[in-house]
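Asks: Just need the structure, nothing else, for what follows:
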Amino acid sequence: WTSPIVLVEGVFDALGFENSIPILGSTLPIGGKLINKLAESKSRVYIGLDADAREKENKIIKNMILYNIEVHKMNTPDTGDYASCTKDRCDSFRQNARFVAGTDYLLYEKIFSAVN
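Replies: Now for the predicted structure:
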């Protein structure tokens, strides 16, 4: 809990990252044990869900912001998920993740998704 934590969708996605947690079901509800532990530990969190889970990912990011969790958004691989990537490629996604600056990020995502 003292090292950065990577949140991904599934078990196979988690294999490419050190200190990763698969959030089976793509949710991280307010009041849940995991989000409470992340807030308590004050760990830096990297999140990367599959492209088809963008709305769920934004909700999770919003919930983490409410808990003052430092969250960084990783890009989604062209292949669709992290399970098909090498460990080196997964590490580059983590290294190139962008810091989520509060609700500005969520507003940007909402505007961008309306344009596309």
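
Asks: ok now do the most centrally placed residue in the chain, which residues does it touch?
Replies: The residue at the geometric middle of the chain, judged as the C-alpha nearest the mean C-alpha position with CA atoms, centre = their mean, is residue 47 (1.2 Å). Contact analysis of residue 47 by CB atoms under 8 Å, 6 or more residues apart in numbering lists 6-8, 57, 60-61, 64, 71-74. Quick note: C-beta positions are derived from backbone N, CA and C, even for glycine.

Asks: ok but it is inside a strand, no?
Replies: Yes: the secondary structure assignment for residue 47 places it in a strand, going by DSSP: H, G, I helix; E, B strand; the rest coil.

Asks: May I have the secondary structure class of the nearest residue to residue 17 once chain neighbours are set aside?
Replies: Of all residues beyond its chain neighbours, the one nearest residue 17 is residue 6 (4.2 Å), with distances taken as CB to CB, 6 or more residues apart in numbering. For residue 6, the assignment made with three-state DSSP gives strand.
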